[in-house]
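Undergrad: Pasted the sequence and its predicted model underneath.
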Amino acid sequence: MRMPPFRRFRPFYQAASIFVLGMVIGSVVYNSLYHASYNKLWMNNKDLQVQILQYEEDIKTLKKYSKQPTVIREIKIRTEQKSEPIDSLIEKEIVQMMGKDLAALRGRSIFDIDTDSKLTRSLLDDKIYTVRDKDYKIKIRTMLVMEGVLQIWVDIGN
């Protein structure tokens, strides 16, 4: 029995290895595109969930205090970052936690904002929120009440 020389099969092995290498590279590219699009979709979904919760709270308070024009009906929290920028999802989670802490101010009189601002500053100034095993420090910059909307500007730092 005679063995054929392996020189004849070398082009087949090269073609097969190039084909397998192409499959691996193609799967890596497809997987990276899939994860990028999924991450974008997940972040968009998280933003929309936070907005839905905020709108539901606003609707409840607007229905409850619609006859009283001089109370705080909405609370809007705006964030600023002095040092390095943080992830938008972490920022949204911190805003959501602050919204829960500030829920006690809904329905309070606008004319009592002086005592309320002192209370809010004492409760939230330099408060530390823990998100994803990392601590973030909150500093209140400005509080403004206009037409039943309490707007609070905060700095988020590490």
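TA: Sure, I can see it. Residues are numbered from 1 along each chain as shown.
Undergrad: Could you pick out the longest helix of the protein?
TA: Ranked by residue count under DSSP state H, the longest helix found in the chain is helix 10-64.
Undergrad: what distance separates that one from the centre of its chain?
TA: Relative to the chain's own centre, helix 10-64 is displaced by 16 Å; criterion: CA atoms, centre = their mean, to the nearest Å.
Undergrad: Could you check which helix or strand contains the spatially most central residue of the chain?
TA: What sits nearest the mean C-alpha location of the chain, by CA atoms, centre = their mean, is residue 89, with 2.1 Å. Per DSSP states H and E: residue 89 is located in helix 88-101.
Undergrad: Just the residues contacting that helix, thanks.
TA: Applying CB atoms under 8 Å, 6 or more residues apart in numbering, the external contacts of helix 88-101 come out as 43, 46-47, 50, 53-54, 57, 75, 77, 79, 123-124, 127, 129, 131-132, 134, 136, 138, 152, 154, 156. No exception for glycine: its C-beta is placed from N, CA and C like everyone else's.
Undergrad: Packing partners of the helix or strand following it?
TA: Note on helix 88-101: by DSSP H and E, the next helix or strand toward the C-terminus is helix 113-124. Helices and strands touching helix 113-124, by 3 or more CB pairs under 8 Å, 6 or more residues apart in numbering; DSSP states H and E, are helix 88-101, strand 134-146, strand 149-157.
Undergrad: List the buried residues of helix 113-124.
TA: Burial within helix 113-124, assessed by neighbour count using 16 or more other CB atoms under 10 Å, is assigned to 113, 116, 117, 120, 124.
Undergrad: Including pLDDT and distance to residue 61, could these go into CSV?
TA: What follows is the buried residues of helix 113-124, written out as CSV (pLDDT from 0 to 100; distance: CB to CB, whole Å):
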residue, pLDDT, distance to residue 61
113, 73, 16
116, 70, 15
117, 71, 19
120, 74, 17
124, 76, 19
